[in-house]
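>>> Quick one: sequence plus predicted model below, questions after.
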Amino acid sequence: GQQVQQSPASLVLQEGENAELQCNFSSTATRLQWFYQRPGGSLVSLLSNPSGTKHTGRLTSTTVTKERRGSLHISSSQITDSGTYLCAMERRGGSNYKLTFGKGTLLTVTP
Amino acid sequence: EAAVTQSPRSKVAVTGGKVTLSCHQTNNHDYMYWYRQDTGHGLRLIHYSYVADSTEKGDIPDGYKASRPSQENFSLILELASLSQTAVYFCASSRVSAETLYFGSGTRLTVL
């Protein structure tokens, strides 16, 4: 079935360093989405990117759909960026679209 | 701001018992979803709905039913809870299919 692989599984940075998170998916996707999960559970949508590069604040998402890969770059990391970053592949399922999630990258930013 | 509210926040159930998880959204969104999250599996789609009184199966629907009595409310029903259904359950809503999902805070379900 469809799979989404995220790497690294965990990442520890010092405040101010940049983070690069990778996402690879096993089948054709219409779009990649990135979510942030706070320690303690709730999820927030960060970026939705069908192809190319998108920026929002300190986040840059790059999606290369044909090569089935994407990345999320976080510049100048802050302690409050700590949490889990989830990549989700959007695919067509009948008349609707479905998301398949990766297991996430746990980011820890230290002082 | 878009709001999705889940209840209860946590629940302990006995094996074989019935469990109902509730979700309410004030976003005026057509699409609502139920996901479960387990260590080692990430988030997986159980059921979803795009119109009241209709639900669709997701990727792992076995052992679960869903109910969408109104646009605002979406319930997940475990008729006979099993140990393997211990997980954190998330409800989400979106205006358009799979686009910009808004998640609730989650329900931690423990089946003993």
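Structure received. Numbers count the residues shown, from 1 in each chain, chains lettered A, B, ... in the order given.

>>> Any idea how far the worst-scoring helix or strand of chain A on mean pLDDT is from the middle of the chain?
Among the helical and strand segments of chain A, the one scoring lowest on mean pLDDT, DSSP states H and E is strand A:96-101, with a mean of 87. Distance of strand A:96-101 from the chain centroid (CA atoms, centre = their mean, to the nearest Å) equals 15 Å.

>>> That one pairs with which strands, and in what direction?
Next to strand A:96-101 in the sheet, as set by DSSP bridges, lie strand A:83-93 (antiparallel).

>>> mind listing what's buried in the partner strand?
By 16 or more other CB atoms under 10 Å in any protein chain shown, the buried positions in strand A:83-93 come out as A:83-91, A:93. (C-beta placed from N, C-alpha, C; glycine too.)

>>> between the residues you listed, which is closest to B:Arg44?
A:Ala88 (11.2 Å; CB to CB).

>>> I'd guessed the closest one sits against A:Ala29; true?
No: counting by CB atoms under 8 Å, A:Ala88 does not reach A:Ala29; the two are 9.2 Å apart.

>>> Would you mind naming what in chain B lies close to chain A?
Neighbours of chain A within chain B, by CB under 8 Å from any CB of the partner chain: B:35, B:40-45, B:48, B:50, B:56, B:58-59, B:88, B:90, B:92, B:97-106.

>>> Mind checking which of those are in strands?
Among the residues of chain B next to chain A, the members falling in strands (DSSP state E) are B:35, B:42-45, B:48, B:50, B:56, B:88, B:90, B:92, B:102-103.

>>> Return the member of these nearest to A:Gly70.
Using CB to CB, B:Gly42 is the member of these that sits closest to A:Gly70, with 15.7 Å.

>>> Many thanks, I have nothing further to ask.
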